[in-house]
Each structure stands twice: as structure tokens, then as C-alpha cells.
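**Q** Here's a sequence, model it:
(2 chains)
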Amino acid sequence: MKSHLSALAIAATLSVSAIALSGTAQAGATFDGVKQKGYVQCGVNLGLYGFSSPDDKGKWSGLDVDMCRAVAAAMFGDAEKVKYTPLSAQQRLPALQSGEIDLLARNTTRTLTRDTANGLNFAPTNYFDGQGFMVSAKLGLKSAKQLNGATVCVLPGTTTEQNVSDYFRANKMTFKPVVIEKNEELNKAFFAGRCDALTSDASQLAAIRAAEVQNPNDYVILPELISKEPLSPAVRQGDEEWMNLVTWAFYAMVQAEEKGLTSETVDAAMTSPDPDVKRLLGVTAGNGKALGVEENWAYAIIKQVGNYAQSYERNVGSGSKLKMPRGQNALYTEGGLMYAPPMK
Amino acid sequence: MTNPVQALNSARVRGWLYQALFLACALAVAWYLVSNTLTNLATRGVATGFGFLHREAGFEIGESLLPYSASDTYLTALVVGLLNTLAVSAAGVVLATVLGVLIGIGRLSSNWMVNRFATLYVETVRNVPLLLQLVVWYTILNRLPSPREALEVLPGIFLSNRGMKFPVLVEHAGHGWILLALVAGIAAAIAVVRYGRRRRETTGKPFPTLPAVIAALLLPPALAFIVTGAPLAFDVPALAGFNFEGGGSVTPEFTALLIGLSVYTAGFIAEIVRSGILAVPHGQTEAGLALGLSPGKILRLVILPQALRVIVPPLTSQYLNLTKNSSLAVAIGYPDLVSVSNTSANQTGQVVEAVAMMMLVYLIISLAISGFMNWYNRRVALVTR
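**A** Sure thing, here's the model as predicted:
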């Protein structure tokens, strides 16, 4: 009897403590917490070339990593004051909800559920993406509409599983998913021919192709984008100060591109007569005080991280293996969706 | 005895008191953890509850024992995942047991080759992590040719990197009768076994049980097959579009997981079987020989019944391990309970609920297996009079 009782009690305790792990208490606002500890704890991808991946020396780089660095530059005047937490797709939301990280910059799609029921707030989209299909060029397919009856490799823990189901249902087609949790295993299965198509965000497909294939022409990304994937940095609800800083740190990079300020030219621009540039760089004080940081916050971002165009080209654009065209990610003045509100 | 102070000295009363105290502490800790979790989720604005189970799942599942589509609910999706877990676990338990017993007996073989091979097998599979083995099996299966160049191992049976495709019987009204005849045959076989045993026990004369059982099992279905007009139409798989259409199929994910789990667990079962057999004193064999029993009968009637007493308890934990290890399916894309739960949790954001349900389901499966094995253990346990 005794052993039965204690076994039950231990089982109950264990099960409950496992649940509680995702809900440890977190004291104080995120903004103050970050300021006090002296660095930004940033949740990033386990390794996605172009967005967040470590090099052989363990130094992280990518479009999302630049987001973390920009926030650190705004907060501390030093883009290096970031600690990275590599997260799987499933881990990322609990990690942010529980306070393990301060900022989630991990190619995360902004959705209504995440913005509300999951307790998150999203900063402006730093990459407009869409889900596509990659197939072997040998199949000779021209459109995703020709995929009826195909086997499709899908990465779980994302919106992709539902998107692909929706797309096939809407077009009255059927498919068989193969859902594998690890990127590498999934890619291996696809390139071994287990699936006819691999589906993911188009940028990721390009990244996978660049990393895994000898001749990129052996695989084609079909033209249809079946979803809207506004990849956006996220913070916990309940700290508007922190949310503001993340939001405007990103806008500063976009504004810098619009004003033609790069990490090379920003020093010379300190003497610019343009009132917008003066406000952005803190020559005319006010923005920094409103955000609760030093007045040279945007200068630090542009000097150390660069403007949005620099970050884009370096990580996913012409300066990278991905060679993604700017497309929707161009400035609004060039037909894209990148638009920074007035910074005054 | 009526004095409360005296009652405290009673070991029984004290035992109860300690247990009550322990239970109260455990409950208090559990209550604290649950309420802390709920409070924190509420303050962060994270929705809780199981209402999501009745919403549309909206994602497809690669293989299902039930008819399932993306328009079914999360609950249905989770049941599909659960059935997939049970299917691979049940098949794995059977396969691992057969393989384990063979290897275990092989380790005791006096044949040098068999003996060494069994030892090599056990030492290898037990000492390589299961996850790695699964990935290896899956990679091997994915290296098979594409459907258009599939290997036809037997007429109508195709092997490709999309799995094994095989013909299935087209349903026919006669199949019901054949099945009925088979059930009748099984009943007859059980009766024959009982009669044979009774005759042996009362008169000491042996009865040719095996041939009689085979006849009882085979004759009625065969008769029904002929009477109903030999309904044997097959749905043979054929290439269409991306893949084979028609027939039945086993996916590479299922096969890799089944082989991986069985081969791994068989290594442990082999050692359990070996230790069980070694636990029976050699005198028992000699006593059997002295009675004039054949070596086969000695194994079946003397050694195994006694070895089972030692084998069954550790075997139970191997079955539990196999079932729980099936959750590694997520690594190679088999849509088991964990895989489906992960997707559901991610789509709804209700991670705590999904994890709690998963834990509860695995707990129930494990307790059911333990319950059954304990019952079986009592049956084979030595009856002391």
C-alpha cells in the first residue's frame, strides 16, 4: 500500500512540475531587466543561413541576428551585448512566454493567435516571406497546381503544415505529408527522394538549396506562394517600453536606408542640415529620451549594424549565397513594403 | 488500545499517519505548481483550457488507421496519432519478443558461430543510441529507388523510397463466412487441446494434439472458401502520377521505426531470456532426462515454465520502454501521438494542455501494459502449496 501511494504521489508531482516549467515567475518589466543585466537575451533559429546561423567560431550572423544587435545597440550603444538562445520551432513561444528570452527574432510569422491568445506582441515585420514549394527539376513541373497526389516534406512546429493542407483543400487536390522535426533530417529525406516536394518559406527553400545542393539548377522553387509570412520579431505582452524600443530600433534601420545613411557615411551625416537626419541621429535631442535610452541610439545602430539595405544584402541578398531579390522587402519608394513612420 | 497516546505507538496507526502526511505534502506541492502555472499563464494573457480539441485541426496526417482529413477536429487528429503509436508499439513488442527469444537462446547455443553472432548482436544494439539507429534505418530505407524504378520483390509487391506497396484482397461477401469458419476452427482447436490434456492427465496416454489443431484451424476456412466460390480478386498497386495507386502500403517511416525499436529492444530481451534460462538449475534438465523426456519437451515442459518466472518482470519494463521509445518517431517523421500533439500545440499555442495530455496518455498505456504483464506474471509464478 505504501509503495502504491508514494508511486502515485511521485507521478503526480513529476507531471505537474513538468507543466510548471513553462510558467516560472518573472519579476519586473523586461526593459528594466535587460538594462540591469547588461545584455539582450535573444531567441534565434538553431541555424538558418541568412537569418541566424553561427559561423565556425560561434559568431552569429543573419537578418534576425542583426535585429538582436540593433536592439542591443539602441539600449547599450554596443551591438555586441547580445546573448543568443538557439530555439526549435516548438521551443520558441514557450521560451518567450516564460521569460527565458527578452526578444524573439527567429523567422516567426505574425498571426492573430500568437498576437492574442499566446500572449505575444509583434514588432514590425523585418522580412516579408511566403510559403512555396521546391521540387526536383527532373519532374518538369511548372506550377504547384500540378502537385495533386504528391508526397510533401513538411517541417512541423510552424504555420506551414496548416498552409499546405489549406492550399491542397482549396484546389481540391490530395497529398501525403511527411513531417520530420529536425531540419537536417527533413532535408535529407527530401533530397533522397522520399518526397516529391519540400514546402517551407521561400527564403528558407533558397537557403536550403544554397546549403545542400551542388548545382542549384537541379531544384526549382515553384512560382506560387501559398501564404503570407510576415516574419516579425516578438516580445512578451505587458511591457510597452520594451516593445517601443524593439519597434523603433527596426524603424531606425529602414529610415536610415531611406535617408541614404550607411555605417560608412553616418559619421559624416552628423553634420547634415536635414532635420529628419538630425532627429534620427540624436543631433536634435528628444527621440532617445522618449524611448528611455541615450540620444545616439539610432547612430549606434546604423554605425554598428548598418541600415536595412546593408543588413539585407549582406545576409540574404546579393552579398550572400541566397541571392534573394528585394521584392516585397524593398522600400515603399521602390515598390516594396518597408516603410518607417516619421521619427519625431 | 482506546487511548490515543497508546494508539500512536501502534506501528499500523503510525504507518497510516506518515502516509497521510506524505500525501498531504505531495498534494500541496502539486497544488502550488498547478496554481503557479495557471496564474502565470493568466497574467501573460495566454489562453488555457481544452476547448481547442473541438476545433478544426486543418492539417493532414501522413498515415492513419481511421479515415481522417484536415477538416476533422484536433481530438480526432490526436486519436489518429494515438492509434499510430499503439500500432507501432504492438507490432514492435511482438517482433522484439520473437527476435529477443531467438537471440537469447542463440547466446546459449553450443554452436560457436551462432553463439558469437548473438553476442555481437547484443553488444552492438544495446550500446548504440536508439535515436541514431532509427536515423540509420530511415536513411537506408530512403536510399531505395524511386517509385518509377521500384523493385518488384514478389509479383505485385513493390519496394521503393515511398515504402512497400502490396496487393490487397478486394472485399467479397464470402469473406465474412470464411472468417466465421476460422472462428469456429479456433474454438474447435481449443476444445481439442483441452481434450488432449485431460486424456493425458487421466490416462497417461499422449494425444496427437498438433496435427489435430492444424486440421481444426485449416479445414473449416478452406471448406468455406470453396463453398463461397473462391473469392480471390486482388487490388494490385500500379504507378499513377507521383506514386503507386491502389493496394496496401507500409511507409518507410513506420518500417524504420518498427525495425529500429524491435532490433534495439530485442537486444535487451535476449539478455533477459538468457538470464532466465540460466536461472533454472541444471539438475532440472538432468531430472527431465532421467524421466526420458526429449530435449524439446524438457525445454517446453521443464525449463521454460520455470524460466518465465524470472523473465516476465524485467520483460514488462522492456515493453514499457519500447512503447515510450516510440515517441522518437518525431525524428523520422512517423505521425505518432507526440508528432500530432506537437503540431496541435504549435497551431493552437496550448503547449501545457498538449503536454499534459501526452503524459496522461503515456501513463495510461504504461499502466495498462504493467497491469496485463502483472496478471500474466501471477499466472506463471510458482504456486506454493
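
**Q** ok, the strand or helix carrying A:Leu245 near chain B or not?
**A** Using DSSP states H and E, A:Leu245 sits within helix A:240-258. No. Taking C-beta under 8 Å from any C-beta of the partner chain as the criterion, helix A:240-258 and chain B are apart, separated by no less than 13.6 Å. From N, CA and C alone the C-beta is placed, and that goes for glycine too.

**Q** Just name whatever secondary elements that helix is in contact with.
**A** helix A:30-37, helix A:63-76, strand A:234-236, helix A:275-281, helix A:287-291, helix A:297-304, helix A:308-315 (3 or more C-beta pairs under 8 Å, 6 or more residues apart in numbering or on different chains; DSSP states H and E).

**Q** who touches residue 167 in this structure?
**A** Just so you know, I chose chain A. Shown in contact with A:Tyr167 (C-beta atoms under 8 Å, 6 or more residues apart in numbering or on different chains): A:Ala144, A:Ile226, A:Ser227.

**Q** That was the other one, I meant chain B.
**A** B:Gly156, B:Ile157, B:Phe234, B:Asp235, B:Val236, B:Pro237, B:Gly247, B:Gly248.

**Q** which residue is nearest the middle of the chain?
**A** Reading this off chain A. Nearest to the mean C-alpha position of chain A, by C-alpha atoms, centre = their mean, lies A:Asn107 at 2.5 Å.

**Q** actually chain B
**A** Residue closest to the average C-alpha location in chain B (C-alpha atoms, centre = their mean): B:Ala90, at 2.4 Å.

**Q** distance between the helix or strand hosting that one and the chain's centre?
**A** In this assignment (DSSP H and E), B:Ala90 forms part of helix B:74-107. Distance of helix B:74-107 from the chain centroid (C-alpha atoms, centre = their mean, to the nearest Å) equals 3 Å.

**Q** Report whether it contacts chain A.
**A** No. Shown here: helix B:74-107 not in contact with chain A (C-beta under 8 Å from any C-beta), separated by at least 10.9 Å.

**Q** can you state the direction angle for whatever helix or strand comes next after that helix and helix B:74-107?
**A** Tracing the chain C-terminally past helix B:74-107 and defining elements by DSSP H and E, one meets helix B:112-127 next. Counting by axes from the mean of the first three to the mean of the last three C-alpha atoms, to 10 degrees, helix B:112-127 lies at 150 degrees to helix B:74-107.

**Q** Would you mind pulling up the elements that helix B:112-127 packs against?
**A** Using 3+ C-beta pairs under 8 Å, 6+ apart, the elements in contact with helix B:112-127 are helix B:74-107, helix B:252-278.

**Q** Could you say which of those is packed most deeply?
**A** helix B:252-278 (a mean of 23; mean count of other C-beta atoms under 10 Å in any protein chain shown).

**Q** That one: what's the following helix or strand?
**A** Counting by DSSP H and E, the next helix or strand C-terminal to helix B:252-278 is helix B:282-290.

**Q** mind saving the C-alpha coords of stretch A:323-332 as CSV?
**A** Taking Å, rounded to 0.1, in the frame of the first residue of the first chain, the C-alpha atoms of stretch A:323-332 are listed here in CSV:
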residue,chain,number,x,y,z
LYS,A,323,20.7,35.9,-53.7
MET,A,324,17.1,36.8,-52.8
PRO,A,325,15.8,39.8,-54.7
ARG,A,326,14.5,42.6,-52.5
GLY,A,327,10.9,42.1,-53.8
GLN,A,328,8.3,43.0,-51.2
ASN,A,329,11.2,43.8,-48.8
ALA,A,330,12.2,46.9,-50.8
LEU,A,331,11.5,50.4,-49.5
TYR,A,332,7.9,51.7,-50.2
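
**Q** So for that stretch, mean pLDDT?
**A** In this model, stretch A:323-332 has a mean pLDDT of 88.

**Q** now stretch A:193-212
**A** Stretch A:193-212 shows a mean pLDDT of 88.

**Q** Of the helices and strands packed on helix B:112-127, which is nearest B:Trp375?
**A** helix B:74-107 (15.8 Å; C-beta to C-beta).

**Q** which helices and strands sit right next to that closest one?
**A** Checked by 3+ C-beta pairs under 8 Å, 6+ apart, helix B:74-107 has helix B:112-127, helix B:252-278, helix B:304-325, helix B:337-348, helix B:351-380 packed alongside it.

**Q** Give the closest residue to A:Ile208 in space, chain neighbours not counted.
**A** Nearest-residue entry for A:Ile208: A:Asn187, 5.6 Å, with adjacent residues in sequence omitted and distances by C-beta to C-beta, 6 or more residues apart in numbering or on different chains.

**Q** With distance to B:Gly283 and neighbour count added, can I get the contacts of B:Pro167 in JSON lines?
**A** JSON lines is the format used below for those (distance: C-beta to C-beta, whole Å; neighbours: other C-beta atoms under 10 Å in any protein chain shown):
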{"residue": "B:Gly156", "distance to B:Gly283": "54", "neighbour count": "16"}
{"residue": "B:Ile157", "distance to B:Gly283": "50", "neighbour count": "16"}
{"residue": "B:Phe234", "distance to B:Gly283": "56", "neighbour count": "13"}
{"residue": "B:Asp235", "distance to B:Gly283": "58", "neighbour count": "16"}
{"residue": "B:Val236", "distance to B:Gly283": "58", "neighbour count": "16"}
{"residue": "B:Pro237", "distance to B:Gly283": "57", "neighbour count": "23"}
{"residue": "B:Gly247", "distance to B:Gly283": "56", "neighbour count": "18"}
{"residue": "B:Gly248", "distance to B:Gly283": "52", "neighbour count": "12"}
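
**Q** what's the closest of those to B:Leu108?
**A** Of the contacts of B:Pro167, the one sitting nearest to B:Leu108 (C-beta to C-beta) turns out to be B:Ile157, at 36.0 Å.

**Q** Can you tell me how far that closest one is from B:Leu151?
**A** 9 Å (C-beta to C-beta, to the nearest Å).

**Q** if we can go back for a sec, quick one, grab the pLDDT at the residue nearest to A:Ile208.
**A** On pLDDT, A:Asn187 comes in at 90.

**Q** residues in contact with it?
**A** A:Leu198, A:Ile208, A:Glu212.

**Q** By neighbours, which of the residues you listed wins?
**A** Highest neighbour count within the contacts of A:Asn187, by other C-beta atoms under 10 Å in any protein chain shown: A:Leu198, with 27 neighbours.

**Q** Walk me through the domains of chain A.
**A** A:30-128+A:231-334, A:131-227 (automatic domain parsing).

**Q** So for B:Ile105, which of the ones you listed sits nearest?
**A** Closest approach to B:Ile105 among those is made by domain A:131-227 (36.2 Å; C-beta to C-beta).

**Q** got a pLDDT number for B:Leu182?
**A** B:Leu182 is assigned 87 on the pLDDT scale.

**Q** Surely it and B:Pro220 touch.
**A** Yes. If you go by C-beta atoms under 8 Å, B:Leu182 and B:Pro220 touch, sitting 6.8 Å apart.

**Q** So between those two, which is more surrounded?
**A** Using other C-beta under 10 Å as the criterion, B:Leu182 and B:Pro220 rank with B:Pro220 on top: 21 against 16.

**Q** Secondary structure element for the closest residue to the more buried one other than its chain neighbours, which one?
**A** Among residues not flanking B:Pro220 along the chain, B:Ala181 sits closest, at 3.8 Å (C-beta to C-beta, 6+ apart). Using DSSP H and E, B:Ala181 falls within helix B:174-203.

**Q** Fine, thanks again, bye for now.
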